[in-house]
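*Asks:* 3D, please:
(chains A and B)
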There are 2 protein chains.
Amino acid sequence: MRGDAPDREEGLELRPKFNADGLATCVTIDAERGDVLMVAHMNEAALQATLASGVVHYWSRSRGALWRKGDTSGQTQRLIELRVDCDQDAFLAFVEVGGDGGACHTGRRSCFYRRVENDAAGTRLAFIGPTKTNR
Amino acid sequence: MRGDAPDREEGLELRPKFNADGLATCVTIDAERGDVLMVAHMNEAALQATLASGVVHYWSRSRGALWRKGDTSGQTQRLIELRVDCDQDAFLAFVEVGGDGGACHTGRRSCFYRRVENDAAGTRLAFIGPTKTNR
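*Replies:* The predicted structure is shown next:
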C-alpha cells in the first residue's frame, strides 16, 4: 500500500493517479440509460479539458493526441457527472451523447456488442442483437 | 489501425488484446442493480480462470498474483455474463456478489463513492451518500 492511500481514498482532493504512461481509465456511461458505452483513457490534459468544457475529452493512444470525442463523428459526450474510484486511477463519466447517440467507431451505440460464451464446445463470442437492450 | 482489426472487431473468436504488461481492463457491474462496482485488470490466466470457474478472477498488480476476488473478503463475484469491447482490450463482467454484497476494499459497495465537483471555486470531490442510489 502506498503511504498516501488514506488521503487519496478518503479525502476530498482530486489527486488522480496516472499510470506510467500518464493515463487513467475512463468508463463512459449513458446517463439516461445507465449502460456502459465505452472504455477509454484520460491523461491530465484530457481530464482538465473535460472538467473545463463539460464535454468529454480522452487521450487517443493510437493517435497520440488529445481527443475531443465527437469532433469527427458528431457523437459528442456532454458530461453529466464524473466519479472517481477509491485509489483515483479510474473514472466513471456519465454522459449525454450527441449526434446519433452512438459511441463506438464501428457504428454501434456501445463498444460492448458481444458477449463471451464458454461451454464444453469451447469459447466464442456472440453478438448482442440491436433489438436487445444492452442490459 | 492494425491489420487484424476487422477480425477482432467483427469476428466471433475471443482474441483479447492485452497491453504491454499483459493486462486488459475489466469493468465489473452488479448484474442485478446495473451499476459499476469496480475497475480492475485481467491477464490471460485471470480471464481463463474466470471462464473456467464462473467466478471472477483478476490480476493483482500490487501483489503480482492471480486474485480470486472474495477469497479473503467473502465478496466473491459469480459471473453472470462477460462482454468484450470492439478491439477486445476491455471487458464488462456482470456479477452476482457474495458475502455482504460489497466490492471495494474500503468497505463500501462500489469503488465509485465520490463524484468530482468543478466550479469557479475550484475542483473537489464529494462523497455520494450511502442512502443515495449509486445511479
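*Asks:* Next one: A:Ile128 from A:Ala120, what distance?
*Replies:* 22 Å (CB to CB, to the nearest Å). For every residue, glycine as well, the C-beta is placed using N, CA and C.
*Asks:* Kindly report the same for A:Leu37.
*Replies:* Distance from A:Leu37 to A:Ala120, by CB to CB: 33 Å.
*Asks:* Mind checking which of those two has more residues around it?
*Replies:* A:Leu37 (27 against 4; other CB atoms under 10 Å in any protein chain shown).
*Asks:* residues in contact with the closest residue to that one other than its chain neighbours?
*Replies:* Nearest non-adjacent residue to A:Leu37, counting by CB to CB, 6 or more residues apart in numbering or on different chains: A:Ala103, 3.8 Å away. With contacts defined as CB atoms under 8 Å, 6 or more residues apart in numbering or on different chains, A:Ala103 is in contact with A:Thr28, A:Leu37, A:Met38, A:Lys69, A:Gln75, A:Gln77, A:Val97, A:Arg109, A:Ser110, A:Cys111.
*Asks:* Ramachandran coordinates for A:Ala103?
*Replies:* phi -140, psi -20 (degrees, to the nearest 10).
*Asks:* how near is it to A:Asp87?
*Replies:* A:Ala103 is 26 Å from A:Asp87, where distance means CB to CB.
*Asks:* What segments of chain A are strands?
*Replies:* A:24-30, A:36-42, A:57-60, A:65-68, A:77-84, A:90-97, A:114-119, A:122-127 (DSSP state E).
*Asks:* Go through these and name the closest to B:Ala46.
*Replies:* strand A:114-119 (13.4 Å; CB to CB).
*Asks:* From the rest of the structure, what touches that closest one?
*Replies:* For strand A:114-119, using CB under 8 Å, 6+ apart, the contacting residues are A:123-128, B:12, B:14, B:51-52, B:81-84, B:91.
*Asks:* Is there a quick ChimeraX command that grabs whichever of those are buried?
*Replies:* Applying 16 or more other CB atoms under 10 Å in any protein chain shown to the contacts of strand A:114-119, the buried members can be selected in ChimeraX as follows:
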select /A:125,128 /B:14,51,82,83,84,91
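*Asks:* Please report the distance of A:Thr123 from B:Gln48.
*Replies:* 9 Å.
*Asks:* oh, I was asking about A:Glu96
*Replies:* From A:Glu96 across to B:Gln48, the span is 38 Å (CB to CB).
*Asks:* Could you do A:Gly102 as well?
*Replies:* 32 Å.
*Asks:* residues in contact with the nearest residue in space to A:Gly99 that is not next to it in sequence?
*Replies:* Spatial nearest neighbour of A:Gly99, excluding adjacent residues (CB to CB, 6+ apart): A:Gly74 at 3.3 Å. Going by CB under 8 Å, 6+ apart, A:Gly74 touches A:Gly98, A:Gly99, A:Asp100.
*Asks:* hmm, back to that, and which of the contacts of A:Ala103 is nearest to chain B?
*Replies:* A:Cys111 (4.0 Å; CB to the nearest CB).
*Asks:* Wait, that closest one touches B:Cys86, no?
*Replies:* Yes - using CB atoms under 8 Å, A:Cys111 makes contact with B:Cys86 at a distance of 4.6 Å.
*Asks:* of these two, who's got more company?
*Replies:* Neighbours per residue (other CB under 10 Å) separate A:Cys111 from B:Cys86, with A:Cys111 holding more: 25 against 20.
*Asks:* residues contacting that one?
*Replies:* Residues in contact with A:Cys111, defined by CB under 8 Å, 6+ apart, are A:Leu37, A:Met38, A:Val39, A:Ala103, A:Cys104, B:Asp85, B:Cys86, B:Ala90.
*Asks:* So which of the contacts of A:Gly74 wins on neighbours?
*Replies:* A:Gly98 leads these on contacts (other CB under 10 Å) with 16 neighbours.
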